[in-house]
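Chemist: Got a sequence here, can you model it:
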Amino acid sequence: MEGGAKMKEEVARRVGVAMDFSACSRLALQWAADNVARSGDHLIVVTAFKPLSYDQGTEIMLWESTGSPYIPLLELSEPVTFKKYGLKPDPQTIDLLNTIARQKQVVVSMKVLYGDPREKICEAINSIPLSCLIIGNRGLGKIKRVIMGSVSEYVVNHATCPVTVVKSTEHED
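Modeler: Coordinates of the predicted model:
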């Protein structure tokens with residue numbers, strides 16, 4: 001090589017998309033596919049929630065402190081996988097993930113975390129580690145945002161990687 005310069009081996013990016021399976025998080029997923037994901041990337045869906053109970057047949061207690069192992073797209077297509085990790089099956093999101101994987105030639109997996117979504121998403125950024133994160137914004141009104149707190153606002157202010165917030169066109173008042 002000229003001048004003794006070494007070629008840097010290209011490492012696959014880890015593009016994170018924070019999802020709660022709402023319409024605005026699917027919008028963020030679609031935006032990530034259209035604007036960020038490229039062939040060879042790893043698209044990692046990060047979902048975090050506070051479990052209301054420890055239902056029989058779930059593995060929440062097993063993965064409560066570390067989060068689930070990475071769940072490959074093939075397993076996500078099986079409804080039993082969602083139940084296993086305490087999630088409600090979402091065929092619309094699974095269809096979208098399958099389409100993105102096929103069209104963009106990306107590797108898709110999911111990481112399920114248990115606890116405060118704001119904190120757990122920020123922890124995932126470092127533990128995975130993510131190259132960037134795309135997150136939706138439900139458009140909470142000022143009062144609800146003060147009472148409930150905005151996950152996207154917290155993540156933007158505490159994340160250690162670039163974060164893109166995809167605003168929903170519908171707003172909650």
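
Chemist: Next, Leu97: phi, psi?
Modeler: When quoted as degrees, to the nearest 10, the phi and psi of Leu97 stand at phi -60, psi -40.

Chemist: Let me know the pLDDT of it.
Modeler: Leu97 is assigned 97 on the pLDDT scale.

Chemist: For the nearest residue to it once chain neighbours are set aside, what is the enclosing helix or strand?
Modeler: Leaving aside its chain neighbours, Leu97 sits nearest to Val108 (5.2 Å; criterion: Cβ to Cβ, 6 or more residues apart in numbering). C-beta here means a position set from N, CA and C on the backbone, and glycine is covered the same way. Using DSSP states H and E, the element containing Val108 is strand 107-114.

Chemist: what's the average pLDDT for that strand?
Modeler: Here the average pLDDT along strand 107-114 is 96.

Chemist: How about stretch 38-51?
Modeler: Mean predicted confidence for stretch 38-51 is 94.

Chemist: same deal with stretch 156-164?
Modeler: 96.

Chemist: same check, this time on stretch 73-90
Modeler: Here the average pLDDT along stretch 73-90 is 87.

Chemist: ends of it, how far apart?
Modeler: Terminal residues of stretch 73-90 lie 13 Å apart, using Cα to Cα, to the nearest Å.

Chemist: How far away from the center of its chain is that stretch?
Modeler: Centre-to-centre, stretch 73-90 and its host chain are 15 Å apart (Cα atoms, centre = their mean, to the nearest Å).

Chemist: Wait, a strand at Leu43?
Modeler: Yes: counting by DSSP: H, G, I helix; E, B strand; the rest coil, Leu43 is found in a strand.
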